[in-house]
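Visitor: Below: sequence and its predicted model.
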Amino acid sequence: MTEAKSYFTDGAAYDQLARRFTLPAGEVFLDWLALPNGLSWLDAGCGTGAFTQLLLDRCAPRRVSAIDPSAEQIAYARTTPTAKRVDFQIGDAQGLSFANGAFDAAAMALVVAFVPDPNKAMAELKRVTRPGGTIGAYMWDFLNNGSPRQRLNDAVARMGVAVQPLPGYAHSRMEAMEGFFKSAGLADTATRVIEFEVAYDNFDEYWTQQTGLASGAVETIRSMSAADIERLKADLRTSLPKNKAGRIAYKVKANAVKGRVPA
Ligand SMILES: C[S@@+](CC[C@H](N)C(=O)[O-])C[C@H]1O[C@@H](n2cnc3c(N)ncnc32)[C@H](O)[C@@H]1O
C-alpha cells in the first residue's frame, strides 16, 4: 500500500470534527470493551486526544501513553487539559518505542485505514501489551457508506471529479479488521458494528465543519471555482437527508474488533 498523505495537520479543525464523531463512537466502543478501571493504556493514533480524554473519563486508567505521527496533532493535544494526565508522544504504531508488555490495554480509534501496514501495527500493539491484556480498534466502514464525510465525497464525485479514496480504505472492512487481529495471533477476537446518527442544526454548520479539515474531497473543493462551489452546495442542500426535527441528519457506521493477547 502507498503511504497515506497526512491530512492531520490542523489540530483545531480536527478537534471540531473529532468531538462530533469520535466521542459517540468511542463511548460505545469503550462500553463494549468493558475493561476494569485502573489499567495502564496505550492510545495509538491519538490525534488531538479526544478519544484519550474519553479513556480518562470512562476507564479511570492508572496510566495512559498516547502516540501519533502527526507533530501538529501532538502539539495540539499537549495544549489540552488531557495532557495533564497523559504522556503524549510523537510515534508510529508500526514501530513503538515502548517495552514488551508495558500496557494492560491498547486501542486504535479511527486509525487502521491511515496506517500503511496494519499487520505491522497490530504486531507492535501485541508486543507492548502484556499477556492477557486487551487490544481494540474501530474504523469507519468506508465501503458501506459509514464515513461521516461520505456524503461530501459523493457530492464532489457528482460534479464529475474523481475523489481519491484513502489508500487504506478497504482495511476498514470488518473481515479485514478482524483479519489483522487474527494474523497477529490475538485470542478470543470479537466484532461489533457501531452505528449512530450525526446531526447538524443547519447547512452552514455542516459545510463549515466538513470543509474545515483537509481531505481528498476538501482539497478538490478548495481548487474549484466559486460557481462550482455554489453548484456543489446547492446539490448538498437538496441531497443531505433531514430528520423529523428538520436537522441535517444521517447514520454513520464503524466496525470494531477486540482481542486478547494470549497468556
Ligand atoms: C481519524 S484520526 C483519529 C484520531 C483519534 N484517535 C480520534 O479518534 O479522534 C487518525 C489518526 O491516525 C494517525 N495516524 C496515521 N498514521 C499512523 C500510524 N502509522 N501510527 C499511528 N497513528 C497514525 C493520524 O495522524 C491521525 O491523527
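Guide: Looks like it came in fine.
Visitor: what mean pLDDT does stretch 140-152 have?
Guide: Per-region confidence: stretch 140-152 scores 93 on mean pLDDT.
Visitor: Residues of this protein that sit close to the ligand?
Guide: 6, 8, 18, 22, 44-47, 50-51, 68-70, 73, 92-94, 109-111, 114-115 (CB under 6 Å from any ligand atom). C-beta here means a position set from N, CA and C on the backbone, and glycine is covered the same way.
Visitor: Give me the phi and psi for the most centrally placed residue in the chain.
Guide: The C-alpha lying nearest the average C-alpha coordinate of the chain belongs to Leu110 (CA atoms, centre = their mean; 2.0 Å). The phi and psi torsions at Leu110 (degrees, to the nearest 10) take the values phi 60, psi 40.
Visitor: re earlier: inside helices: which ones of the residues of the chain next to the ligand?
Guide: Applying DSSP state H to the residues of the chain next to the ligand, the entries found in helices are Ala18, Thr22, Ala50, Phe51, Gln73.
Visitor: Buried members of those into PyMOL, please.
Guide: Selection command for PyMOL covering only the buried members of these, criterion 16 or more other CB atoms under 10 Å:
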select buried, resi 18+22+50+51+73
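Visitor: for the ones in helices among the residues of the chain next to the ligand, which one is nearest Met122?
Guide: Distance to Met122 across those (CB to CB) is lowest for Phe51, with 18.0 Å.
Visitor: host element of the nearest residue to Ala190 once chain neighbours are set aside?
Guide: Distances taken as CB to CB, 6 or more residues apart in numbering put Lys258 closest to Ala190, at 5.5 Å, once the chain neighbours are dropped. Secondary-structure assignment from DSSP states H and E places Lys258 in strand 248-260.
Visitor: hang on, the earlier thing: same list, the ones in helices among the residues of the chain next to the ligand, but as a markdown table with pLDDT please.
Guide: Rendered in a markdown table, the data for these read as follows (pLDDT from 0 to 100):
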| residue | pLDDT |
| --- | --- |
| Ala18 | 72 |
| Thr22 | 83 |
| Ala50 | 93 |
| Phe51 | 95 |
| Gln73 | 92 |
